[in-house]
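>>> model this:
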Amino acid sequence: MQLVHLLRGLTVELDLFGAEFAARQGLHPTDLRALIHLLDAARAGTVVTPGRLGAALRLNSAGTTGLVDRLERLGLIRRERDPEDRRKVRLLVEDRAMELGQDFFGGLIGDLVAAMGRFDAGELATAQRFLQAMAAVVAAAREE
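Down below sits the predicted model:
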């Protein structure tokens, strides 16, 4: 149970850190979750449409439209026609959003990477498998 409590504590700390970023940028916590989802998708090479974003965040169509409009108005994302299917619109993160994120989270990321340096490759591989398994359990519980 100690690991469960440690995971909860880490989650709370990361959530508070993200909430501070959102507050400083005038964003709602859902806005931040949307940006994170879009950044993760871009790293994975996955196209995100407004519908997919809404489904991932469990928002209805009106909520998704409001979210996308707000982030676009703030210059954090843009809509773009999918070059392979012009009927579809995909969402892309603007450089400005990445710069804001780097400015705020860059120090924390550097500190996290430095802390990881105290572990050998085998320990990090075990930690990675552990965190992936925990994320899968939580994702499955959300689907129930």
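>>> so how far is L53 from the spatially most central residue of the chain?
What sits nearest the mean C-alpha location of the chain, by CA atoms, centre = their mean, is I36, with 2.1 Å. With distances taken as CB to CB, to the nearest Å, I36 is found 11 Å from L53. (C-beta placed from N, C-alpha, C; glycine too.)
>>> given the strand ranked longest in the chain, what are its sheet partners and their directions?
Longest strand in the chain, counting residues (DSSP state E): strand 85-93. When pairs are called by DSSP bridges, strand 85-93 turns out to pair with strand 77-82 (antiparallel).
>>> please put the alpha-carbon coordinates of the helix or strand of the chain with the lowest mean pLDDT into PDB.
The weakest-scoring helix or strand in the chain, judged by mean pLDDT, DSSP states H and E, is strand 85-93 (a mean of 92). Taking Å, rounded to 0.1, in the frame of the first residue of the first chain, the C-alpha atoms of strand 85-93 are listed here in PDB:
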ATOM      1  CA  ASP A  85      -9.000  13.900 -46.200                       C
ATOM      2  CA  ARG A  86     -10.000  17.500 -46.600                       C
ATOM      3  CA  ARG A  87     -13.400  16.800 -44.800                       C
ATOM      4  CA  LYS A  88     -11.500  16.300 -41.600                       C
ATOM      5  CA  VAL A  89     -10.000  18.900 -39.300                       C
ATOM      6  CA  ARG A  90      -7.000  18.100 -37.200                       C
ATOM      7  CA  LEU A  91      -5.800  20.000 -34.200                       C
ATOM      8  CA  LEU A  92      -2.100  21.100 -33.900                       C
ATOM      9  CA  VAL A  93      -0.300  22.700 -31.000                       C
END
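>>> no further questions, thank you.
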